[in-house]
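> I'd like to go over a predicted model; first the sequence, then the structure.
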Protein chains: 2
Amino acid sequence: MKKNYLITPGPTPVPPEVSAKEGLPILHHRTSEFGVIFSQVIEDLKYVFQTKHDVLMTAGSGTGALESAVANLLSPGDKALVVSTGVFGDRYKKICDAYGINALYIREPEGEIAVPAKIEEALKKNPDIKVVFVTHTETSTGVVNPIEAIGKIVVKTPAVLAVDSVSGLGGQDLQTDNWHCDVVCSGSQKGLMTAPGLAIVSVAPKAWPLVEASKSPRFYFDWRKMKKSIADKETPFTPPVTIVVAQAEALRLIKQEGLQNVFARHTWLAQATRAGVQAMGLKLFAKVPCDVLTSITVPEGLNGKAIVKRLREEYGVSIAGGQVDLEGKIVRLAHMGYMERFDVIIALSALEMMLYELGHKVELGKGVGAAEKIFLDKSKAPAAAAKAPQPAGVH
Amino acid sequence: MKKNYLITPGPTPVPPEVSAKEGLPILHHRTSEFGVIFSQVIEDLKYVFQTKHDVLMTAGSGTGALESAVANLLSPGDKALVVSTGVFGDRYKKICDAYGINALYIREPEGEIAVPAKIEEALKKNPDIKVVFVTHTETSTGVVNPIEAIGKIVVKTPAVLAVDSVSGLGGQDLQTDNWHCDVVCSGSQKGLMTAPGLAIVSVAPKAWPLVEASKSPRFYFDWRKMKKSIADKETPFTPPVTIVVAQAEALRLIKQEGLQNVFARHTWLAQATRAGVQAMGLKLFAKVPCDVLTSITVPEGLNGKAIVKRLREEYGVSIAGGQVDLEGKIVRLAHMGYMERFDVIIALSALEMMLYELGHKVELGKGVGAAEKIFLDKSKAPAAAAKAPQPAGVH
């Protein structure tokens, strides 16, 4: 008998109520019955995105959402600025390259965050930059970028701010409208607690003139088509109906918990994870760690890839390793979406046991104990932490 | 209490065994557990596509698959030939236009089929045509195009034949390799009996040099990335894991039935539907009707849109109306995928009753009776019809 535990940054576990909805009979997408669900999903996504503007969707992955931003906002030869702090920031650069965009590229070292002053300088030197691409929570390193500060800079320029919040949305606060995020890209499979398959974007008024002007080829990912269909409570092309129906249920759960409580829960889980990891004698990798994922430097003499592999095979616990340059050097524990205190306990316990097995000096129960201490501290509990009112102007 | 019946050409009903798989807990896509399922799906898709060559997939709809064909096969300015017999053929033209392709366009009137001689002539006059796009079963009109004959023409030229079989695959025979279909585009939600969300393409060796040469922008839909990932039993970007797992089950059912039996069942259902429709005094719309859908000319004085709307609202029976120029003029009954004789009986009975209610002269039970007669004729039953052996060289 093997039980599997998903501690990975996407796909993440899905609540059974949501999974069960996916198993219901197929609804036709051009019926009023589906239209009601679809419209509710769009409205509820606006609540999670914290936006009053357009929210669009299509069948696709998060990368599909990123590509749709490049194709809809820019024409070949246009100047853009890609601010990258890891693999997912780099992906924006690669997509820009594929589309013949003249993409300036600011790359911070792994584990560090974007520097607003550098963005300000680049925009000053290049007033013809049309779009600034930046990642919200960079899952490859575990940092959270200062989107609010970046928004304050970009809003003063003609440039559009496009944020990749595939892994952040619904876990780490992102005030789309208040922070002047003109475009936010996301997907169903992380904070939105649903199976992968839905690419989702929000688009603010400042972005639409670029969409109208873009000469990049697009048909399936054309936001103009998606926006037009929304009025008819449908999508231009067959949507993944079962995932939309499941997404509706997941959004109901998020609303029921309340967005501020959702964020506070993620903060709580992140604090406990970090405390546990440090109590084990391990080092946090991210300089400014996000709340949806904890990245950990693999102690010298150990191989991160082996840790990930053995945890999966021997314990049924899936955690993530490092990507590209960080392969083998870090491991990553997710706490995003449908996660609760005992998911953190499982992750820490599995890691403790594996380190012990690999001969690394670790006191069994030390990491778990440190996390438990956080969980028992009533002042840190989500209900206490989520004192902040809902952002103004967002329902 | 309302029971819903999907008689529409996609999404189509999904077997409960398949739906149930979609509701299982999420598998991570970079695990050996998922890799085994993914590889099996690719292998089983090759069986359904009747190909030995590459089968690739990504999260997306059928239109995503069509767009991927244009983006991967052609560069801006390249010459292509779009052979259209309806809305879905026209879609290929629109995508070509969006990508700046010089697309010659042969358009047959609604209800008629593609004419191989015209394609031969166009290829002779334009030896620089790189790709011929054609639709297998054109769902907007209900015809099936002569792909085998077209393949025999295109194979003699340097051009690549790209076939849209989104609605045909797994319902209407398409011998990808034997008929020289270099690229076939499809999706999970029709003959493949799974929820929408998977865009699938097959790619033969003749097509790969074009893929390498294409200068069209592509990242998410890049076939080179997809092909590379297949070797690692994964996809370049997060696949819709629940739909892949469900697709595996649906493919198991298709293999269990046997592809020739699947085709014979569709022929059987099509014959019964056509007999029923004609017994009601209605006219078939398609000159060469396909086996996955029956299109019916709406009798004068009646409005097809009203028939579709009332059947849905009052009977819970979803059928399809006409699109674009055919709006209100035809109705369409699907018999594709997870369909059996009583789905035909329901469709015909609902239509009979609705025509009666609308004051159209129809003898109740006449259409159903004619279908029953086909179903009782043992010589027409799938087991008897599926005498043809599996095509040579395909497992």
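Sure, I can see it.

> tell me the phi and psi of residue A:164?
The phi/psi pair for residue A:164 (degrees, to the nearest 10) reads phi -90, psi 110.

> tell me the contacts of it?
A:62, A:66, A:88, A:89, A:91, A:92, A:133, A:134, A:135, A:136, A:185 (CB atoms under 8 Å, 6 or more residues apart in numbering or on different chains). Every residue, glycine included, has its C-beta placed from N, CA and C.

> helices - which of these land there?
The members of the contacts of residue A:164 that map onto helices under DSSP state H are A:62, A:66, A:88, A:89, A:91, A:92.

> excluding its backbone neighbours, what's nearest the third one?
This means residue A:88. Nearest residue to residue A:88, sequence neighbours excluded (CB to CB, 6 or more residues apart in numbering or on different chains): residue A:135, at 5.0 Å.

> in chain A, which residue sits closest to chain B?
residue A:23 (3.0 Å; CB to the nearest CB).

> number of nearby residues for that residue?
21 (other CB atoms under 10 Å in any protein chain shown).

> for it, which non-adjacent residue is closest in space?
residue B:23 (3.0 Å).

> residues in contact with that neighbour?
The contact partners of residue B:23, by CB under 8 Å, 6+ apart, come to A:19, A:20, A:21, A:22, A:23, B:242.

> and the gap between residue A:205 and residue A:211?
Distance, residue A:205 to residue A:211, using CB to CB, to the nearest Å: 11 Å.

> so these two - more neighbours on which side?
The neighbour comparison of residue A:205 against residue A:211 (other CB under 10 Å) goes to residue A:211, with 20 against 9.

> which stretches of the stretch 101-250 of chain A form helices?
For the stretch 101-250 of chain A, helices defined by DSSP state H, counting those that start in this stretch occupy the ranges A:116-125, A:147-154, A:208-213, A:223-230, A:241-257.

> the first one packs against which elements?
Judged by 3 or more CB pairs under 8 Å, 6 or more residues apart in numbering or on different chains; DSSP states H and E, the packing partners of helix A:116-125 are strand A:79-84, strand A:102-107, strand A:129-135, helix A:147-154.

> need the contact partners of it.
With CB under 8 Å, 6+ apart, helix A:116-125 has contacts from A:81, A:83, A:104, A:106, A:129, A:132, A:134, A:146, A:149-150, A:152-154, A:157, A:159.

> what's around residue A:231, how many residues?
Residues near residue A:231, counting by other CB under 10 Å: 7.

> residue A:300 too?
6.

> and if you look at the one 3 residues further on?
Around residue A:303 sit 15 other residues, with neighbours defined as other CB under 10 Å.

> residue contacts, residue A:159?
Residue A:159 sits next to A:81, A:123, A:129, A:130, A:131, A:132 when contact means CB under 8 Å, 6+ apart.

> cool, and residue A:333?
Residues near residue A:333 by CB under 8 Å, 6+ apart: A:7, A:273, A:277, A:293, A:294, A:296, A:319, A:320, A:344, A:347, A:348, A:351.

> could you redo the last one with a cut-off of 6 Å?
Taking CB atoms under 6 Å, 6 or more residues apart in numbering or on different chains as the criterion, residue A:333 is in contact with A:7, A:273, A:294, A:319, A:347.

> list the contacts of the lowest-mean-pLDDT helix or strand in chain A.
Across the helices and strands of chain A, mean confidence by mean pLDDT, DSSP states H and E is lowest for helix A:382-385: a mean of 77. For helix A:382-385, contacts defined as CB under 6 Å, 6+ apart pick out A:261, A:264, A:265, A:268.

> now, among the residues you listed, which is nearest to residue B:76?
residue A:265 (49.1 Å; CB to CB).

> ok, how many other residues are close to that closest one?
23.

> what helix or strand is it on?
Here residue A:265, judged by DSSP states H and E, is contained in helix A:259-279.

> elements contacting that helix?
Packing partners of helix A:259-279 (3 or more CB pairs under 6 Å, 6 or more residues apart in numbering or on different chains; DSSP states H and E): strand A:293-297, helix A:341-357, helix A:366-376, helix A:382-385.

> now do 10 Å
helix A:32-49, helix A:241-257, strand A:283-284, strand A:293-297, strand A:330-334, helix A:341-357, helix A:366-376, helix A:382-385 (3 or more CB pairs under 10 Å, 6 or more residues apart in numbering or on different chains; DSSP states H and E).

> for the stretch 151-300 of chain A, what lies in contact range of chain B?
Taking CB under 10 Å from any CB of the partner chain as the measure of proximity, the stretch 151-300 of chain A contacts chain B at A:166, A:187-190, A:194-199, A:215-222, A:235-246.

> per-domain residue ranges of chain A.
As assigned by automatic domain parsing, chain A contains the domains A:5-9+A:258-385, A:16-256.

> and these, which is most packed in?
Among these, ranked by average contacts under mean count of other CB atoms under 10 Å in any protein chain shown, first place goes to domain A:16-256 (a mean of 22).

> that domain: end-to-end distance?
Using CA to CA, to the nearest Å, one end of domain A:16-256 lies 16 Å from the other.

> let me see the mean pLDDT of it.
Mean pLDDT, domain A:16-256: 97.

> for residue A:264, report the pLDDT, please.
So, for residue A:264, pLDDT stands at 97.

> go on, residue A:10?
With respect to pLDDT, residue A:10 has a value of 84.

> contact partners for the nearest residue to it once chain neighbours are set aside?
The shortest distance from residue A:10 to any non-neighbouring residue, by CB to CB, 6+ apart, is to residue A:190 (4.6 Å). Neighbouring residues of residue A:190 by CB atoms under 10 Å, 6 or more residues apart in numbering or on different chains: A:8-12, A:62, A:137, A:139, A:165-171, A:196, A:292-293, A:334, A:336-337, B:238.

> among the residues you listed, which are in strands?
A:137, A:293, A:334 (DSSP state E).

> and residue A:55, what element?
Going by DSSP H and E, residue A:55 is in strand A:54-59.

> tell me the strands beside that strand, with direction?
strand A:198-203 (antiparallel) (DSSP bridges).

> the partner strand versus helix A:223-230: what angle between them?
On the basis of axes from the mean of the first three to the mean of the last three CA atoms, to 10 degrees, strand A:198-203 is oriented at 100 degrees to helix A:223-230.

> just how off-centre is strand A:198-203 within its chain?
12 Å (CA atoms, centre = their mean, to the nearest Å).

> residue A:157 against residue A:150, yeah?
No: with contacts counted by CB atoms under 10 Å, residue A:157 stays clear of residue A:150, the gap being 11.3 Å.

> intersection of neighbour lists for the two?
A:119, A:120, A:132.

> which strand residues bridge the nearest residue to the last one once chain neighbours are set aside?
In space, and not counting its chain neighbours, residue A:132 is closest to residue A:81: 4.7 Å by CB to CB, 6+ apart. Partner residues in beta bridges with residue A:81: residue A:104, residue A:132, with DSSP bridges as the criterion.

> surely residue A:81 meets residue A:107?
No: assessed by CB under 10 Å, residue A:81 is found out of contact with residue A:107, at 11.6 Å.

> CA atoms only for stretch A:40-47, dumped as PDB, please.
Extracted C-alpha coordinates of stretch A:40-47, given in PDB (Å, rounded to 0.1, in the frame of the first residue of the first chain):
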ATOM      1  CA  GLN A  40     -19.400  32.700 -11.900                       C
ATOM      2  CA  VAL A  41     -15.900  31.500 -12.500                       C
ATOM      3  CA  ILE A  42     -15.000  34.700 -14.200                       C
ATOM      4  CA  GLU A  43     -16.500  36.800 -11.400                       C
ATOM      5  CA  ASP A  44     -14.800  34.700  -8.700                       C
ATOM      6  CA  LEU A  45     -11.500  34.900 -10.500                       C
ATOM      7  CA  LYS A  46     -11.800  38.700 -10.400                       C
ATOM      8  CA  TYR A  47     -12.100  38.400  -6.600                       C
END
